[in-house]
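K.L.:
coords please:
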Amino acid sequence: MASLEEGPTASQRKRYARSVNSVTEGGSDDQWESDLVFTRADLRDVVPHDNDPVVISIVTAGRKVHRVLVDHGSSADVMFWSMFNKLQLSPDLLRPYTRCLYGFTGDRVEVRGYLELRMTFTDGTMLLTESIRYLVVNADSPYNILLGRPALNRLRAVASTHHMKMKLPDLSDKVIVIKSDQEEARKCYENSLKTKRGLCFFHSSCLLIFLCFDCLDNQPLYDLVYHIQNKCNLKNLNNLNNWI
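P.N.:
Alright, predicted model coming up:
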């Protein structure tokens with residue numbers, strides 16, 4: 001599972017439409033706003049990578065939590081049920097959640113409820129503590145927490161996958177620089193491949209076929225199609241190129 005999307009209500013859609021059509025004059029009403037700039041100096045400690053995600057650590061409930069994915073594609077801040085249990089939080093803290101949450105495949109995700117937790121973000125010298133509202137989700141994930149757009153906007157944080165860092169201002173107008181744990185990020189990616197399931201579909205001249213299979217690490221699509229074709233004794237896959 002990667003990004004998650006909350007299903008908007010009718011009133012939220014109306015409010016969004018009004019905000020898009022309105023023009024607000026003047027500057028921001030923020031009392032503090034730092035310049036968050038990424039430079040070549042931020043690349044000095046970055047291990048060359050191929051699209052690694054930004055994975056950081058935070059402090060909450062008196063414990064340091066690793067495997068926190070900074071996910072710009074998620075419209076919700078998510079804590080997974082396994083992490084909720086590891087923090088030994090009481091289920092009584094959960095408030096009912098009646099809206100829908102969907103994964104990137106469009107599947108509905110089970111939400112146990114939501115709660116607010118104070119989270120501390122630090123680079124070892126400076127820190128910022130903010131309350132973040134998390135949806136507690138019962139789903140498998142190599143990550144413990146997803147930091148989505150709501151948290152990033154609340155923190156005024158900016159993450160760069162190129163520089164493998166997230167920057168955010170503290171209350172004194174200084175910039176906190178949190179480095180991504182690239183080793184942890186790659187472990188999470190490898191774990192996601194072990195549990196991820198894929199959907200392969202192709203059609204012949206008169207038939208549409210859907211097959212669900214376990215993802216095979218580093219296996220080219222054509223090799224996989226050849227395996228499916230032989231196993232199912234299917235002959236006409238000439239139109240598969242239209243789907244790749």
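K.L.:
What does the pLDDT read for the closest residue to Leu147 other than its chain neighbours?
P.N.:
Once flanking residues are discounted, Leu147 sits nearest to Val70: 5.0 Å by C-beta to C-beta, 6 or more residues apart in numbering. Where you see a C-beta, it was placed from the backbone N, CA and C, and this is true even at glycine. At Val70, the model reports a pLDDT of 97.
K.L.:
Near Val70, how many other residues are there?
P.N.:
Neighbourhood size, Val70 [other C-beta atoms under 10 Å]: 24.
K.L.:
separation between it and Leu93?
P.N.:
Separation of Val70 from Leu93 (C-beta to C-beta, to the nearest Å): 24 Å.
K.L.:
likewise Val175?
P.N.:
33 Å.
K.L.:
helices and strands of the chain: which one bottoms out on pLDDT?
P.N.:
strand 208-214 (a mean of 38; mean pLDDT, DSSP states H and E).
K.L.:
For this protein, just list every one of the strands.
P.N.:
Here the chain has its strands, by DSSP state E, at 4-6, 55-60, 63-70, 78-80, 101-103, 111-122, 127-137, 145-147, 158-160, 165-169, 175-179, 197-203, 208-214.
K.L.:
Quick one, which of those strands gets closest to Asp35.
P.N.:
Ranking the strands of the chain by their distance to Asp35 (criterion: C-beta to C-beta) puts strand 175-179 first, at 7.9 Å.
K.L.:
tell me the angle of that closest one relative to strand 55-60?
P.N.:
Calculated by axes from the mean of the first three to the mean of the last three C-alpha atoms, to 10 degrees, strand 175-179 forms an angle of 120 degrees with strand 55-60.
K.L.:
who's in contact with the residue nearest to Leu147?
P.N.:
Pro53, Val54, Val55, Ile56, Leu147, Leu152, Ala157, Ala159, Met166, Ser180 (C-beta atoms under 8 Å, 6 or more residues apart in numbering).
K.L.:
again, only using 7 Å
P.N.:
When the contact criterion is C-beta atoms under 7 Å, 6 or more residues apart in numbering, the partners of Val70 are Val54, Ile56, Leu147, Ala159, Met166.
K.L.:
Mind checking which of these are buried?
P.N.:
Among these, those classed as buried by 16 or more other C-beta atoms under 10 Å are Val54, Ile56, Leu147, Ala159, Met166.
K.L.:
Switch those residues over to CSV; also include distance to Glu110 and pLDDT.
P.N.:
Putting the buried ones among the contacts of Val70 into CSV (distance: C-beta to C-beta, whole Å; pLDDT from 0 to 100) gives the following:
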residue, distance to Glu110, pLDDT
Val54, 26, 96
Ile56, 26, 97
Leu147, 20, 97
Ala159, 28, 97
Met166, 29, 98
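K.L.:
which of those residues lies closest to Leu193?
P.N.:
Val54 (18.8 Å).
K.L.:
isn't the closest one right next to His162, touching?
P.N.:
No: counting by C-beta atoms under 7 Å, Val54 does not reach His162; the two are 10.0 Å apart.
K.L.:
end-to-end on stretch 58-75?
P.N.:
End-to-end span of stretch 58-75 (C-alpha to C-alpha, to the nearest Å): 20 Å.
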